[in-house]
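**Student:** structure, please.
(one chain, ligands or ions: 1)
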Amino acid sequence: MILLDGKKIASQIKEEIAGRVGEIVKSEGKTPHLAAVIVGSDGASETYVAHKVKACKEVGFNSSLFRLEEQVTEDLLLGKIDEINNNNDIDGVIVQLPLPSHISEDKVIERISVRKDVDGFHPVNVGRMLIGQPAYISATPYGILQLLERYNIETSGKHCVIIGRSNIVGKPVAALMARKGYPGDCTVTLCHSRTRNLEDICRQADILVAALGSAGFVNADMVKEGAVVIDVGITRVQSNETKSGWKLLGDVGFQEVAPKCSYITPVPGGVGPMTIVSLLANTLRASLGEIYGRQRTGQ
Ligand code: NAD
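**Tutor:** Residues are numbered from 1 along each chain as shown. Next up, the predicted model:
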């Protein structure tokens, strides 16, 4: 069994990105710049945004954090996004989800300029990804692809089973693993809460991606000998084993499943660090205009 060490690969990729920042400053005359918008003060959202801002610093990007109060109106938030869209110094923007219930997440995501949508959530980027056009690919799926690639894991003709059909993980992973090319060319089965015979389907997987958000859901009986297992799940539970009083659990029962696998991601230290580094990679691409060309005011 080989551990897919997301922490190690993410730090390698960070070094590569940091190495390019100097060149970009020379060639573009500016430093890549990510803006993050956070509404309210949800503890988990604060932690995620803080990690993203810290990662920007580590690679030499500029970052701006815009904090809006929980009661902010939808119009005010949309106005802030317009302002960021029109700011030529900012290359990429993310709005930390979830948003308070009085704000439409769909409206907010659609308001972000497709050129600055480094989370890859805008319907235009999702659609372009689906039909194989250059697009920002959302960070978690992009991170999973990079991990497979860096470990040279064969994907062509393999049966990839994904548990979970969310817009940010399951569905894009399914589309990407089915696309022509590497990583890809898989035969894909997308499972969800209404899937029948889930255990049988999982046992057929050469590559199993668990993204349902249920700690320890995948057990050894559900995994074929030699399978590649990617654990996306993160469930925070109280623990007296850690200083913080919390620990993170994946969707896979690691201890029992790992001995059957050819490759497996740990939680933490697998997909999580790859997600953050993919956001940085998207911001780098945005600063270089790799997908949509150079940014112009208002686009
Ligand atoms: P979600 O809640 O939006 O979707 C969960 C999906 O799992 C749904 O499609 C549902 O149909 C399916 N599901 C639920 N119970 C099921 C069951 N018993 N059998 C089969 N399918 C079932 O979740 P999400 O946003 O995609 O996140 C999934 C998990 O991944 C969460 O634990 C989340 O915290 C984690 N996550 C991790 C990262 C990372 O960077 N590592 C990024 C995003 C999400």
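**Student:** and stretch 18-25, C-alpha only, in PDB?
**Tutor:** Extracted in PDB, the C-alpha atoms of stretch 18-25 (Å, rounded to 0.1, in the frame of the first residue of the first chain):
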ATOM      1  CA  ALA A  18       6.500  30.300  -5.300                       C
ATOM      2  CA  GLY A  19       9.400  29.900  -7.800                       C
ATOM      3  CA  ARG A  20       7.200  31.300 -10.500                       C
ATOM      4  CA  VAL A  21       6.000  34.400  -8.600                       C
ATOM      5  CA  GLY A  22       9.300  36.200  -9.100                       C
ATOM      6  CA  GLU A  23       9.200  35.600 -12.900                       C
ATOM      7  CA  ILE A  24       5.600  36.800 -13.000                       C
ATOM      8  CA  VAL A  25       6.300  40.000 -11.200                       C
END
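**Student:** from now on call the first residue 890
**Tutor:** Understood, numbering begins at 890; the last thing we discussed is stretch 907-914.
**Student:** quick check: residues of this structure near the ligand?
**Tutor:** Proximity of the chain to the ligand is confined to 1029, 1052-1055, 1057-1059, 1080-1082, 1084, 1087, 1100-1103, 1121-1124, 1160-1161, 1164 under the rule C-beta under 6 Å from any ligand atom. Placement of C-beta: from N, CA and C, glycine included.
**Student:** repeat the analysis, applying 5 Å as the threshold.
**Tutor:** 1029, 1053-1055, 1058, 1081-1082, 1100-1102, 1121-1123, 1160-1161, 1164 (C-beta under 5 Å from any ligand atom).
**Student:** and which of those is nearest P987?
**Tutor:** Proximity of these to P987 (C-beta to C-beta) peaks at S1055, which lies at 12.3 Å.
**Student:** just say helix, strand or coil for that closest one.
**Tutor:** Assigned with DSSP: H, G, I helix; E, B strand; the rest coil, S1055 falls in the coil class.
**Student:** that older thread, using PyMOL, make a named selection holding only the buried ones among the residues of the chain next to the ligand.
**Tutor:** Buried residues among the residues of the chain next to the ligand (16 or more other C-beta atoms under 10 Å), as a PyMOL selection:
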select buried, resi 1029+1053+1054+1058+1100+1101+1102+1121+1122+1123+1160+1161+1164
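**Student:** what ranges do the helices span in the stretch 990-1139 of the chain?
**Tutor:** 994-1000, 1012-1019, 1028-1039, 1059-1067, 1087-1092 (DSSP state H, counting those that start in this stretch).
**Student:** closest to V910 out of these?
**Tutor:** With C-beta to C-beta as the criterion, V910 lies closest to helix 1028-1039 of those, at 18.9 Å.
**Student:** ok, back up a step: now, which of the residues of the chain next to the ligand sits nearest S930?
**Tutor:** Among those, and counting by C-beta to C-beta, the member closest to S930 is I1123, at 20.2 Å.
**Student:** how about the contacts made by the closest one?
**Tutor:** By C-beta atoms under 8 Å, 6 or more residues apart in numbering, the contact set of I1123 is 1102, 1137-1139, 1156-1157, 1161.
**Student:** try 10 Å this time
**Tutor:** 933, 1100, 1102, 1104, 1137-1140, 1156-1157, 1160-1161, 1164 (C-beta atoms under 10 Å, 6 or more residues apart in numbering).
**Student:** so which residues of the chain form strands?
**Tutor:** In the chain, the segments counted as strands under DSSP state E are 891-892, 922-928, 951-957, 981-984, 1048-1052, 1076-1080, 1096-1099, 1117-1120, 1124-1127, 1135-1138, 1152-1153.
**Student:** which secondary structure elements does the first one contact?
**Tutor:** Judged by 3 or more C-beta pairs under 10 Å, 6 or more residues apart in numbering; DSSP states H and E, the packing partners of strand 891-892 are strand 1152-1153.
**Student:** okay, now the sheet partners of the strand it packs on, with direction.
**Tutor:** Strand 1152-1153 has its sheet partners listed here by DSSP bridges as strand 891-892 (parallel), strand 1117-1120 (parallel).
**Student:** who's in contact with the first one?
**Tutor:** It refers to strand 891-892. 1040, 1042, 1117, 1143, 1147, 1150-1155, 1158-1159.
**Student:** columns mean pLDDT on top of the helices of the stretch 990-1139 of the chain, output as CSV?
**Tutor:** Formatted as CSV, the helices of the stretch 990-1139 of the chain follow (pLDDT from 0 to 100):
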stretch, mean pLDDT
helix 994-1000, 98
helix 1012-1019, 98
helix 1028-1039, 98
helix 1059-1067, 98
helix 1087-1092, 98
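**Student:** any chance of a markdown table for those helices, columns distance to K941?
**Tutor:** Converted to a markdown table, the helices of the stretch 990-1139 of the chain look like this (distance: least, C-beta to C-beta, whole Å):
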| stretch | distance to K941 |
| --- | --- |
| helix 994-1000 | 17 |
| helix 1012-1019 | 18 |
| helix 1028-1039 | 9 |
| helix 1059-1067 | 19 |
| helix 1087-1092 | 32 |
